[in-house]
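A.B. asks: output the structure for:
(one chain, ligands or ions: 2)
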Amino acid sequence: MTLNHLQQNEVISPSIIESDLFQSMIKSGFIVDSAFDELDDIKKRIGACKTRRDNLILTVVPTMSCNFACPYCFQHDRRDEFMNHDTRRNFIQFFRRLLEETAYENMKLVFFGGEPLIDKATIYNLSKELIGICDERQITYSAKIITNGFLVDDESSREMRELRIMEAQVTIDGVPETHNKRRSLRQAVAGSCDTYDTILENVNLLNAHGIFVHVRFNVDRENVHAIDDFVTTMAYRIHQHELVNLHLAPVMQLAERHKANQNLLTSQEFALHEVNFFRLCIENGFSHSLKSRYPSFRMCSAGNYHNYIVSPSGDLFQCVEDLSDERYAVGNVTQNEEDIIDFQAINAKKWRDYSILQDETCLHCKMLPFCVSECPRNRLYFGKKNCVDARIKLTELIKFFSQLDAPSLKNIFQGGNFNV
Ligand code: SF4
Ligand code: SF4
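C.D. replies: Numbers count the residues shown, from 1 in each chain. Ligands and ions are numbered 1, 2, ... in the order given. Coordinates of the predicted model:
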């Protein structure tokens, strides 16, 4: 069976309907029954995503300090802030208050920065305390770290594993020439220091300790030519492909205060490069890269009521991109609900009230299942909708799918994140 059957509205035989591929496409949301009320289903899923009380997601930023000086980073202006002992204590109290209010079943902790491994003590101390509290209350605990990967070593990998940090995200921006130029150490002259090899070896080290690694490649016009070499190099230098997900992300300008970047790719350009990237990933044995493209109703956690980002000073945010600006805070770990300051309450309400369903055009648009996963911040702060991106990406993706054979398609559709 190819996707052409579906495009031509042919009557599909029972054997095809019962096939693994067809059933996988139903599960991942690409095929729905014509009698199915998809809009009603989306409304229910969005409601459940925003309010679901079983999952608590906390992102902790131990420090804004970083050993790298990447030109596109949004945190340059808050370099040397660290979470002190009082804030750590207040954070634990804040966590206990959350547990008093809601009977969570799962707790997901993310360490973010700056470079979080600069402050290992905070990672270790907070992890141990949170694990203790969660175990006592029978709350399932899992953790992830977003790191540049340079400070990872055998000891820290082992300790992370012991602290139940089972996932890491690192960034490798292409091949050595493109990566070293932009992801250089803070004190080094750009391009004069090799961080590429160290990070790549550390991916293998993390994998050797059983930690799954998402390797992110931030792409713009300056390094886009390196996509093919990036994937093929990963293929022979990564030892455990099944523990690595390759991810291509466009460099973006998310706020006016960010340094203007003349090299940004247009949506069309990025979509074309991305399908080429998907093809290369599949050809080279990296099979996880397509999950985020399903009509999967996977909303950004920033729109979830039970999600907080905690800055080193204890300020609470909904989105990591706001971290360097306290004007966007929605509270502080020291505050009870009633102590919240006016501007924080306004920010919190804005995030709580956000829903793509408030937009009449989206409500009646066939692209809605894809756009549910759009960036809420883009719409809230800049009034930007996902229309152009969604249509271009979907068109390119469908063209790409139509070129694949049934076993490859089945592999792609099977890992879908459709259960929110
Ligand atoms: S709101 Fe947008 S920028 Fe913020 S975390 Fe979500 S997708 Fe990223
Ligand atoms: S394509 Fe545009 S109008 Fe349609 S759902 Fe997406 S954001 Fe809304």
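A.B. asks: so what's the residue nearest the centre of the chain up against?
C.D. replies: What sits nearest the mean C-alpha location of the chain, by CA atoms, centre = their mean, is Cys300, with 8.0 Å. Neighbouring residues of Cys300 by CB atoms under 8 Å, 6 or more residues apart in numbering: Cys319, Ser373, Glu374, Cys375, Pro376. Yep, even glycine has a C-beta here, placed from its N, CA and C like the rest.
A.B. asks: burial of the second one, as a residue count?
C.D. replies: This points to Ser373. Burial of Ser373, expressed as a neighbour count using other CB atoms under 10 Å, amounts to 20.
A.B. asks: if we can go back for a sec, list phi and psi for the residue nearest to the centre of the chain.
C.D. replies: Dihedral angles of Cys300 (phi, psi; degrees, to the nearest 10) stand at phi -60, psi 140.
A.B. asks: give me the pLDDT value at it.
C.D. replies: Model confidence at Cys300, given as pLDDT, is 85.
A.B. asks: what does Lys399 give?
C.D. replies: Among the per-residue scores, Lys399 shows a pLDDT of 81.
A.B. asks: please shift the residue numbers so they start at 230 in all later answers.
C.D. replies: Will do, 230 is the new start, and the previous item becomes Lys628.
A.B. asks: without its sequence neighbours, what residue ends up closest to it?
C.D. replies: With sequence-adjacent residues excluded and distances taken as CB to CB, 6 or more residues apart in numbering, Lys628 is closest to Val504, at 7.4 Å.
A.B. asks: who are the contact partners of the one you found?
C.D. replies: Applying CB under 8 Å, 6+ apart to Val504 gives the contacts Glu625, Leu626, Lys628, Phe629.
A.B. asks: run through the stretch 380-529 of the chain and note the low-pLDDT ranges.
C.D. replies: 417-421, 483-489, 516-523, 525-526 (pLDDT under 70).
A.B. asks: returning to what we had before: any quick PyMOL command for the buried ones out of the contacts of Val504?
C.D. replies: Isolation of the buried members of these (16 or more other CB atoms under 10 Å) is achieved in PyMOL through the command below:
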select buried, resi 625+626+629
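A.B. asks: which one of the contacts of Val504 is nearest ligand 1?
C.D. replies: Here the nearest of the contacts of Val504 to ligand 1, counting by CB to the nearest ligand atom, is Leu626; it sits at 18.8 Å.
A.B. asks: circling back: mind putting the contacts of Cys529 into TSV with pLDDT and distance to His408?
C.D. replies: TSV is the format used below for those (pLDDT from 0 to 100; distance: CB to CB, whole Å):
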residue	pLDDT	distance to His408
Cys548	95	27
Ser602	82	28
Glu603	84	29
Cys604	88	25
Pro605	91	31
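A.B. asks: between those residues, which sits nearest Tyr370?
C.D. replies: Cys548 (23.5 Å; CB to CB).
A.B. asks: isn't the closest one right up against Ile538?
C.D. replies: Yes: in this structure, Cys548 is within contact of Ile538 by CB atoms under 8 Å, at 7.1 Å.
A.B. asks: returning to what we had before: out of the contacts of Val504, which two sit at the greatest distance?
C.D. replies: Among the contacts of Val504, the pair separated by the greatest distance (CB to CB) is Leu626 and Lys628, at 7.3 Å.
A.B. asks: what parts of the protein come near ligand 1?
C.D. replies: Along the chain, the residues adjacent to ligand 1 under the rule CB under 6 Å from any ligand atom are Cys529, Ala531, Cys548, Val549, Glu550, Cys604, Pro605, Arg606.
A.B. asks: if I look at the residue nearest to the centre of the chain, how far off is Glu247?
C.D. replies: Using CB to CB, to the nearest Å, we find Cys529 at a distance of 35 Å from Glu247.
A.B. asks: again, but for Leu493
C.D. replies: Spatial separation of Leu493 from Glu247 under the definition CB to CB is 46 Å.
A.B. asks: cool, Val381 as well?
C.D. replies: Going from Val381 to Glu247 by CB to CB gives 46 Å.
A.B. asks: those two - which one has more neighbours?
C.D. replies: Val381 (25 against 9).
A.B. asks: quick check: the more buried one is in a strand.
C.D. replies: No: applying DSSP: H, G, I helix; E, B strand; the rest coil, one finds Val381 to be coil, outside a strand.
A.B. asks: can you list the residues of the chain near ligand 2?
C.D. replies: Residues of the chain lying near ligand 2 by CB under 6 Å from any ligand atom: Asp588, Thr590, Cys591, Cys594, Met596, Leu597, Cys600, Lys614, Asn615, Cys616, Ala619.
A.B. asks: residues near the residue in the stretch 230-379 of the chain positioned nearest to ligand 1, how many?
C.D. replies: Per CB to the nearest ligand atom, the residue of the stretch 230-379 of the chain with the smallest distance to ligand 1 is Thr288, at 9.5 Å. Here the count is done by other CB under 10 Å, and Thr288 has 21 residues near it.
A.B. asks: can you tell me which of the residues of the chain next to ligand 1 is closest to Gln469?
C.D. replies: Distance to Gln469 across those (CB to CB) is lowest for Val549, with 28.1 Å.
A.B. asks: that closest one touches Phe341, doesn't it?
C.D. replies: Yes: judged on CB under 8 Å, Val549 makes contact with Phe341 at a distance of 6.2 Å.
A.B. asks: between these two, what contacts are shared?
C.D. replies: Shared contacts of Val549 and Phe341 (CB under 8 Å, 6+ apart): Thr288, Ile538.
A.B. asks: before we move on, the earlier item: widest-spaced pair of the residues of the chain next to ligand 1?
C.D. replies: Every pair of the residues of the chain next to ligand 1 checked by CB to CB; the farthest is Val549 and Pro605, at 12.6 Å.
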